[in-house]
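Q: Give me the fold of what follows.
(2 chains)
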Amino acid sequence: MLDIKWIREKPDLIREAAALKRIPCDVDRLCAVDERRRAIQKELDDLRAESNELGPQMALFSNPKSDWYKRAVADGRTPEDIQALAAQTRQKLSDIKARIKTREEEARAIGEEFDQLMLTMPQPAAPEVPIGKDDSENVVLRHEGQVPSFAFEPKDHVALGTELGIIDVERGVKLAGARNYILRGDGAMLHYAVLRLAQDLMISRGFTPMVVPVLVRESVMYGTGYFPIGRDQAYLCERDEMSLVGTAEVPLTAYYTDEVLEEDQLPVKSVALSTCFRREAGAAGKDTYGLYRIHLFDKVEQVVVCRNDEEESIRFHHEILANAEAVLQALGLPYRVVNVCTGDLGQGQVQKFDIETWMPSRNSYGETHSASRFYEFQARRLNLRYRDKDRKLRFCHTLNNTVIASPRILIPILELYQNEDGSVTIPPALRPYMGGKERIVARGQS
RNA sequence: GGAGAGGUGGCUGAGUGGCUUAAAGCAACGGUUUGCUAAACCGUCGUGCGGGAAAUAACCUGCACCGGGGGUUCGAAUCCCCCCCUCUCCGCCA
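A: Below you'll find the model as predicted:
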């Protein structure tokens, strides 16, 4: 959500942002509606002011003990006079009431349209974001790690996992349809291992571990900016008017909704492991093979809520990016960091760095992490504020990044650590989480 | 799921139709006094949206807000209806 006052002053900025982000929104309509809304509000306020002035007089007219009544009688008015005056005022108030009623109906209609329009306004991207139409125009900032070459013909993760008996796509689909899977034995263990490694690293870096709801009210989805644009990506539990989250970012960021924090409580750094549910609507036919694009996965997510200060936000943005990189470095995976272009940014994102990890079966880098900063965008929607040093209320800034998402991260792990005999070497950093095991071999072998 | 109790400012807590512009206390902030701390005293003390004052801070002013939404009334924190949430007990249950 943006500040309407700001939009009013600089509608061109929003128009430009919408064009660059390729997000449809009608700034002109919003401005027109805003003007009308304020005019109606002014009329309503004036009518109510009049009503508030006349109303209390009624109490005096009907109370012979009031000072006003006594004075009126002393001035020679009869009770009949006063009664007539009361009737006249009552009539006047009734008229005002009727006018208020029609104005209120207008105000409600225009207010709803205003709210809907406001929810679609995009946050302008930072100047350092490259301009581009889609992910093909993202800019690679740097490469880390060495992309290996194999002395043998490498297998993809599905072939490897199936032969090792640790990935079972077929039965996953049998139970739950396309884009589902089952991890088994060391596959499940590997999945848990990466999640635990990620959590431990974040906790050691001062993030508070949280266990949070993954089924939330729709207002929370609106507040974090996933609704209304993107609502078709969510699984809804309509009977209960709840939505399954696609990331723990949602409950972590919304944690302090409608609250006022003290400045010295900031920054709030939290981390949560959660299951993530995504419908992948509109992705039909895309990445249909393997564990890359699936309906359900587990993810460790980091969230920072900080002061309303762009420099501070940028500093934390780099910090959460570095946290994710530390995990990939611990796992020994080659990756690159990408500056996501305007056309690939979400509605509320100011800037986004994706980390793409090398995946041999794709013969390219595939997105495994996504670090975003929002400035006030989410905090405004969530009404998440703090009191600054001058005792003034300000909206917080929010940021988030993946720490690790599995099983997608198992793709590079399995494929990069595979051996010629079809076994997979377990990255040293994960061995403590797998009972010290060093290799995954097919069942039946030792 | 059943029964009951309750939701008032940062907190505690009065207030059952019109001198309530929501009392009072605590906390907080500013000040005075004081070897220091504490205490005492004085003052300030909500949020949002408008309007005005040279200004989109802290001055003036209008409106709204007593869990949310409707309704009755000239007038609702107060009366009626629906919903949400919290607590207690019962039932079911990982």
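Q: who touches the residue nearest the centre of chain A in this structure?
A: Closest to where the C-alpha atoms of chain A average out (C-alpha atoms, centre = their mean) is A:T224, at 3.5 Å. Taking C-beta atoms under 8 Å, 6 or more residues apart in numbering as the criterion, A:T224 is in contact with A:249-250, A:253-254, A:378, A:381-382. Every C-beta, even on glycine, is put in place using the N, C-alpha and C of the backbone.
Q: And the nearest residue to it once chain neighbours are set aside, which helix or strand is it part of?
A: When the adjacent residues along the chain are set aside, A:T224 lies closest to A:V250, with 4.8 Å between them (C-beta to C-beta, 6 or more residues apart in numbering). Element membership of A:V250 [criterion: DSSP states H and E] is helix A:249-254.
Q: Tabulate the CA atom coordinates of that helix in CSV.
A: Extracted C-alpha coordinates of helix A:249-254, given in CSV (Å, rounded to 0.1, in the frame of the first residue of the first chain):
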residue,chain,number,x,y,z
GLU,A,249,7.1,-14.7,5.1
VAL,A,250,3.4,-14.1,5.5
PRO,A,251,2.9,-15.0,9.2
LEU,A,252,6.4,-13.7,10.2
THR,A,253,5.8,-10.3,8.6
ALA,A,254,2.3,-10.0,9.8
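Q: pLDDT on it, on average?
A: Helix A:249-254 comes out with an average pLDDT of 94.
Q: How much space separates the residue lying farthest from the centre of chain A from A:A371?
A: Relative to the average C-alpha location in chain A, and by C-alpha atoms, centre = their mean, no residue lies farther out than A:G76, which sits at 70.1 Å. Taking C-beta to C-beta, to the nearest Å as the measure, A:G76 falls 81 Å from A:A371.
Q: Against A:M121, how distant is A:V211?
A: With C-beta to C-beta as the criterion, A:V211 and A:M121 are 34 Å apart.
Q: okay, the two: which has more neighbours?
A: A:M121 (24 against 9; other C-beta atoms under 10 Å).
Q: ok, so what distance separates the nearest residue to A:P360 once chain neighbours are set aside from RNA strand B?
A: In space, and not counting its chain neighbours, A:P360 is closest to A:E415: 4.5 Å by C-beta to C-beta, 6+ apart. Separation of A:E415 from RNA strand B (C-beta to the nearest atom of the strand, to the nearest Å): 36 Å.
Q: OK, contacts around A:E415?
A: Per C-beta under 8 Å, 6+ apart, neighbours of A:E415: A:154-157, A:160, A:359-361.
Q: now do A:L197
A: Contacts of A:L197 (C-beta under 8 Å, 6+ apart): A:327, A:330-331, A:404, A:429-430, A:433.
Q: you'd agree it is in a helix?
A: Yes: according to DSSP: H, G, I helix; E, B strand; the rest coil, the state of A:L197 is that of a helix.
Q: what about it, distance to A:E367?
A: As judged by C-beta to C-beta, A:L197 and A:E367 stand 20 Å apart.
Q: swap in A:T78?
A: Taking C-beta to C-beta as the measure, A:T78 falls 86 Å from A:E367.
Q: Next: A:V327.
A: Counting by C-beta to C-beta - A:V327 and A:E367 are separated by 15 Å.
Q: the more surrounded of these two?
A: Neighbour tally, A:V327 and A:E367, criterion other C-beta under 10 Å: the higher count belongs to A:V327, 23 against 18.
Q: After the helix or strand harbouring the more buried one, which helix or strand is next?
A: Per DSSP H and E, A:V327 falls inside helix A:310-331. Downstream of helix A:310-331, the first helix or strand assigned by DSSP H and E is strand A:335-339.
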